[in-house]
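Chemist: Predicted model and sequence below, questions to follow.
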Amino acid sequence: MKRHIINICIGLLLILFPGLTVSKANAQDAVKSPLVISIAYSTSDNRIPYLTIKAKSKISGKFQPIKGAEIKLFLDKDSTGKGLGLIGKVTTDEKGKAVSNIPSTVEAIWKANPNHTFLAVYEKTKNFDEASAELSVVKSKITLDTADDKNVTATFTEFKGGAWVPVKGVEMKLGVKRLGGDLQIGEEQSYTTDSLGKVKGEFKKLGIPGNRDGNIVLVAKVEDNDTYGNLRIEKSVPWGKRFVADGSFFHRALWASQFHSPVWLVFLAYSIIISVWGTLIYLIFLLIKVKQLGKEEKTLK
């Protein structure tokens with residue numbers, strides 16, 4: 001009974017003083033939302049890898065990218081759990097994103113082990129508390145081979161025991177590099193490596209446009225792998241249709257530039273212009289003549 005009376009009193013207070021709920025909501029908004037950091041590892045053509053760092057935070061119930069966040073990057077950790085080799089400091093852009101290569105200053109640490117952990121640290125500021133993120137990767141690479149029958153073979157290996165060892169069960173994509181993105185070479189969207197670390201796909205995009213020499217760029221890639229990150233390799237092959245520039249643009253045609261329009265169209269356009277302006281000039285001449293005749297008539301009278 002007492003609890004029921006208390007609930008009624010609380011309800012009456014909320015009705016009489018709605019500002020109490022507003023104050024509570026404002027107090028909740030005043031609490032700083034934590035900064036969330038993510039790291040992505042990528043490498044292209046088996047060269048020096050790079051890191052992509054993203055920072056975001058929940059604002060008004062929705063995650064928003066954070067611009068201007070200064071984040072320190074480290075390679076591996078020491079016994080205390082702190083960064084062992086400083087990669088550098090990055091600042092996120094308007095999309096909450098920053099990119100950093102692995103410098104030569106940590107090359108010795110990079111070559112020492114096949115497995116590495118990347119550490120991103122954000123120090124406490126007035127906007128956000130301290131935040132950090134980790135990413136562990138295994139050194140790996142992709143090799144891309146082609147055959148005369150237009151079959152594409154990609155091999156995935158990891159560095160283990162001082163040698164490159166093939167890896168089974170890795171999902172890989174084979175495609176053709178285009179301006180709008182990568183176009184898959186056949187009907188399969190992805191392939192999975194066998195016990196030899198290989199995937200094989202048949203190139204079915206026959207007649208696809210290439211450059212002036214008929215070359216296209218084949219692509220083999222691994223995306224967002226939890227162990228190996230993002231890897232990509234490209235290779236140019238003469239399997240495309242040779243590009244031939246269309247010279248008709250510089251000939252006289254309806255779709256050509258203004259200085260290469262058909263003669264009959266130019267003659268017709270200029271004839272219309274001359275006729276219209278000629279008529280206007282003739283009318284002006286008649287008006288002037290009528291005015292002069294009117295003055296002469298007044299003089300005679």
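Modeler: The structure has been received and is ready for your questions.
Chemist: what does stretch 111-124 rub up against?
Modeler: For stretch 111-124, the external contacting residues (CB atoms under 8 Å, 6 or more residues apart in numbering) are 35, 37, 39, 41, 51, 53, 55, 69-77, 83, 87, 109-110, 128, 130-139, 158-160. C-beta coordinates here come from the backbone N, C-alpha and C atoms, glycine included.
Chemist: For ChimeraX, write a command that selects the buried ones of these.
Modeler: The ChimeraX selection below is limited to those of those classed as buried (16 or more other CB atoms under 10 Å):
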select :35,37,39,41,51,53,55,69,71,72,73,74,75,76,77,83,87,109,110,128,131,132,133,135,137,138,139,158
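Chemist: Among the contacts of stretch 111-124, which are located in helices?
Modeler: Ile109, Trp110 (DSSP state H).
Chemist: where does Phe259 fall, helix, sheet strand or coil?
Modeler: Put simply, Phe259 is helix when judged by DSSP: H, G, I helix; E, B strand; the rest coil.
Chemist: Tell me how far the residue nearest the centre of the chain lies from Leu51.
Modeler: Central residue of the chain (CA atoms, centre = their mean): Gly181, 9.7 Å from the mean position. Gly181 is 23 Å from Leu51, where distance means CB to CB, to the nearest Å.
Chemist: Gln184 now?
Modeler: For Gln184 relative to Leu51 (CB to CB), the value is 28 Å.
Chemist: what comes up buried for stretch 36-54?
Modeler: Val36, Ile37, Ile39, Ala40, Tyr41, Ser42, Thr43, Pro49, Leu51, Thr52, Ile53, Lys54.
Chemist: What of stretch 85-96?
Modeler: Gly85, Ile87, Val90, Thr92, Gly96.
Chemist: bridging residues for Lys56?
Modeler: Val36, Pro65 (DSSP bridges).
Chemist: Can you report how many residues neighbour it?
Modeler: Lys56 is flanked by 20 other residues according to other CB atoms under 10 Å.
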